[in-house]
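Undergrad: I'll drop the sequence and a predicted model, then ask my questions.
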Amino acid sequence: MSNKGYFDRFGGRYVAEVLRRPLEELELAFIDSLSDVSFCQDLDTLRRDFIGRPTPLLHAVNASRLNGGSQIYIKMEGLAHTGAHKINNALGQALLAKKMGKKRIIAETGAGQHGLATASACARVGLECVVYMGEVDVRRQQPNVASMELYGATVVPVTAGSRTLKDAINEAMRDWAASFESTHYLIGSALGPSPFPDIVRYFQSVIGEETRAQITERALDVEALVACVGGGSNAIGFFSPFTALSAPRLVGAEAGGIGPGAGENAVRMSGEASSDGIIHGYKSRFLTTADGQVAETRSISAGLDYPGIGPELAALGESGRIEFVSVSDSQALEALKFFARSEGVLFALESAHAGAAALALARSGSPDRAVIVNMSGRGDKDIFITSPVFRPGPWKDFLAQELARLDSGQDIHVFGGNS
């Protein structure tokens with residue numbers, strides 16, 4: 001747990017006075033839930049029956065043979081309900097909000113996986129759901145937007161700023177300040193004002209706890225655990241049971257984008273462009289401009305282009321416990337294709353950054369040791385990004401045909417009306 005909301009010098013609760021009471025109320029409810037037998041039983045049951053936990057640890061035999069070096073294992077979070085690790089935290093916080101008597105949930109989302117998970121969890125426990133999503137991300141993650149709406153959520157495109165995740169967080173914060181009496185803000189990553197980093201880590205630590213048990217069960221000699229890092233929810237959950245130990249190595253893969261220049265990537269810890277800052281209610285490492293404004297970022301993966309990093313990950317990075325590496329868009333795409341063809345596993349673009357880092361790390365390792373990569377999500381959601389890269393001609397033809405079909409009105413049926 002944090003030390004009064006801090007991880008070394010990072011973290012804290014830097015918010016307007018209007019949000020202090022709801023944060024204090026949330027902290028007390030969260031602490032109480034940890035010893036609430038009924039709450040814990042409900043959570044365990046839904047993890048098993050709704051999420052589908054535990055998720056498998058797959059020995060990537062073909063990938064290991066083709067890559068050389070260490071044995072590669074994949075923690076298959078993409079098999080969790082809604083297709084990513086995000087459901088672990090979304091469900092936990094939704095249950096917590098229900099216990100607190102809240103009627104409405106708001107959330108932010110970038111790649112759409114947190115929004116999708118929140119919408120699904122809210123449908124399951126019976127809460128109204130509103131998801132703020134940057135207009136840029138709405139365009140590139142239409143499959144997730146459509147699914148959120150099917151679950152009954154209202155998706156609000158954010159047109160301010162860079163129209164990506166950081167702007168969605170800003171809008172969600174504004175909403176919460178005006179509606180906290182009936183509303184819970186379900187933050188999706190291990191960031192924001194205290195107690196959110198502790199809450200998100202707790203609900204995501206199920207990934208690491210399962211992995212630790214699976215390592216013991218198979219008597220694996222693990223060299224490293226590897227996870228992608230945007231804000232950091234999958235990484236801190238995966239690493240959590242191991243952070244106080246000296247081994248295995250913990251490696252976080254950041255979005256190297258298209259180059260090392262300003263605005264070309266989202267590298268906070270493995271480069272020298274970030275600085276300490278206080279943004280979105282907490283202190284951490286952020287990419288900022290010379291005048292202290294949030295800098296533009298770039299990544300092929302909508303979930304990794306956040307300009308900051310969760311405070312606990314920042315502290316663990318500065319202490320040296322977590323090693324951070326930069327993975328470019330092209331390296332992530334190559335890893336995505338490699339695992340798809342060698343293992344029949346389709347990584348999300350975010351997770352493919354971790355996949356690329358794991359492949360590089362494993363090559364220099366020993367065949368009797370293991371490198372475990374957290375496949376934080378599966379890549380179905382990225383079809384509108386990856387198809388133009390891997391099959392541009394057929395994809396363009398498909399879109400043109402679909403537009404023509406929609407314009408003609410062919411095969412379109414209005415729900416609840418006459419065909």
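TA: Happy to help now that I have it.
Undergrad: For the lengthiest strand in the chain, output the C-alpha coordinates as PDB.
TA: Across the chain, the strand with the greatest residue count (assigned by DSSP state E) is strand 249-257. What follows is strand 249-257, C-alpha atoms only, in PDB (Å, rounded to 0.1, in the frame of the first residue of the first chain):
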ATOM      1  CA  ARG A 249      13.500  -8.900 -13.400                       C
ATOM      2  CA  LEU A 250      10.500  -6.700 -14.000                       C
ATOM      3  CA  VAL A 251      10.400  -5.000 -17.400                       C
ATOM      4  CA  GLY A 252       8.000  -2.300 -18.600                       C
ATOM      5  CA  ALA A 253       7.600  -1.600 -22.300                       C
ATOM      6  CA  GLU A 254       6.700   2.000 -23.200                       C
ATOM      7  CA  ALA A 255       5.500   3.300 -26.500                       C
ATOM      8  CA  GLY A 256       8.400   4.400 -28.600                       C
ATOM      9  CA  GLY A 257       6.100   5.500 -31.400                       C
END
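Undergrad: mind checking how far whatever helix or strand comes next after it is from the chain centre?
TA: As assigned by DSSP states H and E, the chain's next helix or strand after strand 249-257 is strand 274-279. Strand 274-279 sits 21 Å away from the centroid of its parent chain (C-alpha atoms, centre = their mean, to the nearest Å).
Undergrad: Over to stretch 167-186?
TA: Centroid separation for stretch 167-186 versus its chain: 19 Å, with C-alpha atoms, centre = their mean.
Undergrad: neighbouring contacts of that stretch?
TA: Stretch 167-186 is contacted from outside by 16, 18-19, 21-22, 26, 90, 93-94, 96-97, 100, 102-110, 118, 130, 132-134, 137, 156, 158, 160-161, 192, 280-281, using C-beta atoms under 8 Å, 6 or more residues apart in numbering. Glycine gets a C-beta too; all of them are placed from N, C-alpha and C.
Undergrad: Buried residues, that stretch. List them.
TA: By neighbour count on 16 or more other C-beta atoms under 10 Å, the buried set for stretch 167-186 is 167-173, 175-177, 179-180, 183-186.
Undergrad: Show me the chain divided up by domain.
TA: 6-49+86-197, 52-82+204-383 (automatic domain parsing).
Undergrad: With mean pLDDT and distance to Leu406 as extra columns, can I get the ones you listed in TSV?
TA: Output for the domains of the chain, formatted as TSV (pLDDT from 0 to 100; distance: least, C-beta to C-beta, whole Å):
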stretch	mean pLDDT	distance to Leu406
domain 6-49+86-197	94	14
domain 52-82+204-383	97	18
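Undergrad: Endpoint to endpoint, stretch 231-248 covers what distance?
TA: Start-to-end span of stretch 231-248 (C-alpha to C-alpha, to the nearest Å) is 22 Å.
Undergrad: Centre of the chain to that stretch, how far?
TA: Stretch 231-248 has its C-alpha centroid displaced from the chain centroid by 14 Å (C-alpha atoms, centre = their mean).
Undergrad: same thing with stretch 97-114?
TA: Chain-centre distance of stretch 97-114: 15 Å, with C-alpha atoms, centre = their mean.
Undergrad: got the CA positions of it in PDB?
TA: Taking Å, rounded to 0.1, in the frame of the first residue of the first chain, the C-alpha atoms of stretch 97-114 are listed here in PDB:
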ATOM      1  CA  ALA A  97     -19.700   1.800  -6.000                       C
ATOM      2  CA  LYS A  98     -22.800  -0.400  -5.500                       C
ATOM      3  CA  LYS A  99     -21.900  -1.000  -1.900                       C
ATOM      4  CA  MET A 100     -21.500   2.800  -1.500                       C
ATOM      5  CA  GLY A 101     -25.000   3.400  -2.800                       C
ATOM      6  CA  LYS A 102     -23.900   5.100  -6.000                       C
ATOM      7  CA  LYS A 103     -26.400   5.000  -8.900                       C
ATOM      8  CA  ARG A 104     -24.100   6.200 -11.800                       C
ATOM      9  CA  ILE A 105     -20.600   5.400 -13.000                       C
ATOM     10  CA  ILE A 106     -18.400   7.600 -15.200                       C
ATOM     11  CA  ALA A 107     -15.200   6.400 -16.700                       C
ATOM     12  CA  GLU A 108     -12.500   7.500 -19.200                       C
ATOM     13  CA  THR A 109     -11.000   5.300 -21.900                       C
ATOM     14  CA  GLY A 110      -8.300   5.500 -24.500                       C
ATOM     15  CA  ALA A 111      -8.100   2.200 -26.400                       C
ATOM     16  CA  GLY A 112     -11.700   1.500 -25.400                       C
ATOM     17  CA  GLN A 113     -10.900  -1.600 -23.300                       C
ATOM     18  CA  HIS A 114     -11.500   0.100 -20.000                       C
END
